[in-house]
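S.K.: Have a look at this fold, sequence not included:
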DNA sequence: TATTGTTATACTCTATAACTATA
DNA sequence: TATAGTTATAGAGTATAACAATA
């Protein structure tokens, strides 16, 4: 799956960054975070889906949202981009849009049965990839990492922390 | 600076992502990593420099590299982009390029005294920002996080791990 | 002919703002 | 007049590939 050791380039010395940068947790965080995302996007494409679609279907599977704008905000994508994502998913029968009878400006977006099945497929692939990515860490290490990331997210990206807010979903 | 605080949106509920996503360490990693990078870039701009310049100067301050290509590879930027970065730094007198007498195709890039001073200024700002970003973690938490990130980097981005390879620098 | 650095081109991505239909 | 969703435009950023000079 990964290319942990490209055979043709065995003797390439691997150019290290400055020690000063490697010593920075923030730098590592950014670089590893980008690596995870990039590789996950690639893995998704290999397997025939767009990673962002996974996020959209995952949200919809946990309940209906008031408006498209709230979905976009949760995923931190621009509302105008979400339109394109929903268009594609609707074309493939994974989601359905219908007018909100109470406010006909709004679209009520819901996941279909086919969308639910596709979500299941995506979930398996994404989780397998994540497991592979975290392979260097044992069970305790993974638990510790998650707790630390949650602590940071609570401060810097509260949308990732479905805390004790209330039963909003 | 900011918008005059629209009073009508004080109670905006913060739209949470799917619990399924929030439970994924990889997802958190990507999202927090991106947040750190974005905010660091913004902080740098506020203070009058480009974040990537910090990376370039940091590398050069730790020794001379064989070629520009090795610098680009270490920072994982495209060689053609590095040219623009070096051009700007050279114009400002932060670095100097001179032909390698042994191979006149190559440029030996070195940091100047002014560049060193500017690096010191950048370093202070970046470290202060990182400290602020990691505020939710105590000393033990930060240490644990760093160790976990190093373990992941060793597998996924070895350039960030100046290990026991050898005295390459 | 291959490599180093550079320049130019083209492409992708995404934010901005205009537009419509409802309220 | 304001809002939800949509569409269109433009701008930034970046990879690709052509180029000139050396080897």
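M.R.: Yep, it's here. Computed from a predicted model, the values in this text were never measured in an experiment.

S.K.: pLDDT wise, what is the residue nearest the centre of chain A at?
M.R.: Nearest residue to the geometric centre of chain A (Cα atoms, centre = their mean): residue A:55, 5.4 Å. At residue A:55, the model reports a pLDDT of 96.

S.K.: next one: residue A:7
M.R.: At residue A:7, the model reports a pLDDT of 35.

S.K.: how far is the helix or strand where residue A:32 lies from where the chain is centred?
M.R.: Following DSSP states H and E, one finds residue A:32 within helix A:25-46. With Cα atoms, centre = their mean, to the nearest Å as the basis, helix A:25-46 stands 11 Å off its chain's centre.

S.K.: quick revisit: secondary structure element holding the residue nearest to the centre of chain A?
M.R.: Applying DSSP H and E, one finds residue A:55 within helix A:51-61.

S.K.: Can you list phi and psi of residue A:110 for me?
M.R.: Dihedral angles of residue A:110 (phi, psi; degrees, to the nearest 10) stand at phi -140, psi 150.

S.K.: which non-adjacent residue is nearest it?
M.R.: Leaving aside its sequence neighbours, residue A:110 sits nearest to residue A:96 (Cβ to Cβ, 6 or more residues apart in numbering or on different chains; 5.4 Å). Just so you know, the C-beta spots here come from the backbone N, C-alpha and C atoms, and that holds for glycine as well.

S.K.: Over to residue A:119?
M.R.: Nearest non-adjacent residue to residue A:119, counting by Cβ to Cβ, 6+ apart: residue A:57, 4.2 Å away.

S.K.: again with residue A:60
M.R.: residue A:111 (4.1 Å).

S.K.: Give the buried residues for stretch A:144-158.
M.R.: Using 16 or more other Cβ atoms under 10 Å in any protein chain shown as the test for burial, stretch A:144-158 gives A:144-146, A:148-153, A:155-157.

S.K.: Excluding chain neighbours, give the residue nearest to residue A:89 in space.
M.R.: In space, and not counting its chain neighbours, residue A:89 is closest to residue A:95: 4.5 Å by Cβ to Cβ, 6+ apart.

S.K.: For that neighbour, report the pLDDT, please.
M.R.: 97.
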